[in-house]
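Student: Give the three-dimensional model of this entry:
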Amino acid sequence: MPKNKGKGGKNRRRGKNDNEGEKRELLYKEEDQEYAQVLRMLGNGRLEAHCFDGVKRLCHIRGKMRKRVWINSGDIILVSLRDYQDSKADVIAKYTPDEARSLKAHGELPETAKINETDIFDDDGQNGVEFLDDESDEEAQEEMNNARRLDIEDI
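Tutor: Modelled structure (predicted):
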């Protein structure tokens, strides 16, 4: 039998791609490019994004980014606009939250852009849960108890 000289399988390779500490150069938009925020993922390498020029576009994740750069809803991305289709675009780059904040500070992104936020709270700080008074709860409970008390004579 031959000796097993390998280094392991794909679980070993999985840990080699760690580049969290590296800073990369910030990409600014050029002609025929636009910043966008991901609205929802559609699957098959496609997503729906709201470009900051006010148009909602169907975007395609390019092959170099597929299965390497994971994009989620709410992320800020750079898309390349198509000359022949205004409603479609191609994803060029994904910005980390730190990069998106620096873009916003440089004035590239509008002030209304929400970076790394989830809309779980309303404008007044409520999260959609409404609490009632104890008195109204007791009254509702009493009404339910009265409705449950049925005699044979009532039927």
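Student: so how many other residues sit close to the nearest residue to Asp86 once chain neighbours are set aside?
Tutor: What sits nearest to Asp86 in space, not counting adjacent residues and going by C-beta to C-beta, 6 or more residues apart in numbering, is Val55, at 7.2 Å. For every residue, glycine as well, the C-beta is placed using N, CA and C. When neighbours are counted by other C-beta atoms under 10 Å, Val55 registers 14.
Student: Equivalent analysis for Gly45, please.
Tutor: 16.
Student: How about the one 4 residues further on?
Tutor: The number of residues packed around Ala49, counting by other C-beta under 10 Å, is 25.
Student: Low-confidence stretches in this structure?
Tutor: 1, 8, 10, 12-21, 117-137, 146-152, 154-155 (pLDDT under 70).
Student: Strands of that one, residue ranges please.
Tutor: For the chain, applying DSSP state E gives strands covering 33-43, 46-51, 56-61, 76-81, 88-95.
Student: These: which one's closest to Asn145?
Tutor: Closest to Asn145 of these is strand 33-43 (C-beta to C-beta; 46.1 Å).
Student: Show me which positions of that closest one end up buried.
Tutor: By neighbour count on 16 or more other C-beta atoms under 10 Å, the buried set for strand 33-43 is Gln33, Glu34, Tyr35, Ala36, Gln37, Val38, Met41.
Student: In terms of secondary structure, what does it contact?
Tutor: Applying 3 or more C-beta pairs under 8 Å, 6 or more residues apart in numbering; DSSP states H and E, one finds that strand 33-43 contacts strand 46-51, strand 56-61, strand 76-81, strand 88-95.
Student: Just send the strands of the chain back as a markdown table, with distance to Lys114 too.
Tutor: Shown next, in a markdown table, are these (distance: least, C-beta to C-beta, whole Å):
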| stretch | distance to Lys114 |
| --- | --- |
| strand 33-43 | 7 |
| strand 46-51 | 11 |
| strand 56-61 | 16 |
| strand 76-81 | 9 |
| strand 88-95 | 13 |
